[in-house]
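Participant: make a model of this:
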Amino acid sequence: MTELYDVIVKNRQIQGENVVVLELESAQKGICLPRVEAGAHVDLHLPNGLIRQYSLCQNPQQEGIFRLGILNDPDSRGGSRSAYDEIQTGMQLKVSQPKNLFPLHKARHSILVGGGIGITPLIAMAYALHQENASFELHYCAKSEHSSAFVDELKHGPLASYTTFHFKDQGANHREFFEQFMQHLLDDTHIYTCGPNGFMDWVINLAKAHKLPDQRIHKEYFQVEADLSGDAFDVVAKRSGKTIRVHAEETILSALAREGICIEMSCEQGVCGTCMCDVLEGEPDHRDVYFTDEEKADNEQILVCCSRAKSARLVLDI
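Facilitator: Got it, this is the predicted structure:
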């Protein structure tokens, strides 16, 4: 089980049109929250009982605080809406220890490209690179300055000279800009991107079109639509001694729960890795964005919230 911290909401403010920015500190006397790594996130236990992953968006040198920026997404499955509407200053919550699936890498030059609320993990990266006197630039793409969070901080703080804003309402065309920009990449440049899936896919595909190798392109997804298409198959829960039929359009997770086998879960979209299980036999059909291509090829583990099977039978160590 992941270690949990009892925290209290030290500060809550609304930035932009619909982003709630929360500063959390330890609610336990004598216990200080750990210093965070750039790119890390935490699991936030929300007032409505859901658990969701949110990027830490502070200066990593800041101790004792977890800062989160959460968009009140109109397509929310309940997580961001609860964070925006229900969390108030002084409220006590639980969060996990920080986890980092989106780390910085040593590079000659780093390009950080954020779309909307995807700017959050990149802010922490920018602070870390600034402190290391590393070569980098931060690009913030959004529909308007008025609707965007963290603008004042990025305009007037230590990251100002590294930051380029691409606001549509001010005439910016980020597609045109980056199509020209990518033609002049330095050797050993690394690109990091976070934001809406379509935005990220466009950045990634453009970088690949300009011959940037996969190992120098880094991404973090907030939300992925799970694809459950495919034929039915059997899952053998080895330790539980049960063989369970997973029907078409059904997740392994829900099929296991139907037979009384409960797996720890969180995002239910193949993003966070909480529902990971070891594969003993069979071939998974990986549909997550958590594992690397190499890890998927190994077929040693599977995320049961979204992935399926290529073989007629999967044996899992559960």
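Participant: let me see the ranges of the strands in the stretch 101-250 of the chain.
Facilitator: 109-115, 136-142, 163-167, 189-194, 217-220, 233-237, 242-246 (DSSP state E, counting those that start in this stretch).
Participant: can you redo those as JSON lines with mean neighbour count?
Facilitator: C-beta coordinates here come from the backbone N, C-alpha and C atoms, glycine included. As requested, those are arranged in JSON lines below (neighbours: other C-beta atoms under 10 Å):
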{"stretch": "strand 109-115", "mean neighbour count": "25"}
{"stretch": "strand 136-142", "mean neighbour count": "23"}
{"stretch": "strand 163-167", "mean neighbour count": "18"}
{"stretch": "strand 189-194", "mean neighbour count": "24"}
{"stretch": "strand 217-220", "mean neighbour count": "19"}
{"stretch": "strand 233-237", "mean neighbour count": "20"}
{"stretch": "strand 242-246", "mean neighbour count": "16"}
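Participant: make CSV out of those and add mean pLDDT and distance to residue 183.
Facilitator: Supplementary listing: the strands of the stretch 101-250 of the chain in CSV, determined by pLDDT from 0 to 100; distance: least, C-beta to C-beta, whole Å:
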stretch, mean pLDDT, distance to residue 183
strand 109-115, 97, 13
strand 136-142, 98, 16
strand 163-167, 98, 17
strand 189-194, 97, 12
strand 217-220, 93, 16
strand 233-237, 95, 46
strand 242-246, 95, 47
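Participant: for residue 280, find the nearest of the ones you listed.
Facilitator: The minimum distance between residue 280 and these falls on strand 233-237, with 8.2 Å, by C-beta to C-beta.
Participant: what's the closest one in contact with?
Facilitator: Residues from elsewhere that reach strand 233-237, judged by C-beta atoms under 8 Å, 6 or more residues apart in numbering: 242-246, 252, 255-256, 259, 261, 281, 308-309, 311-316, 318.
Participant: sheet-wise, list the partners of it with their directions.
Facilitator: According to DSSP bridges, strand 233-237 forms sheet pairs with strand 242-246 (antiparallel), strand 313-316 (parallel).
Participant: give me the contacts around the very next helix or strand once past the longest one.
Facilitator: Looking back up the chat, that one is strand 242-246. Toward the C-terminus, strand 242-246 is succeeded by helix 252-258 as the next helix or strand (DSSP states H and E). The set of residues external to helix 252-258 that reach it, using C-beta under 8 Å, 6+ apart, is 235, 237, 244-247, 262-263, 265, 268, 275, 302, 304-305, 307-308, 314, 318.
Participant: hmm, back to that, among the strands paired with strand 233-237, which is nearest residue 126?
Facilitator: For these, distance to residue 126 was read as C-beta to C-beta. The smallest value, 40.6 Å, belongs to strand 313-316.
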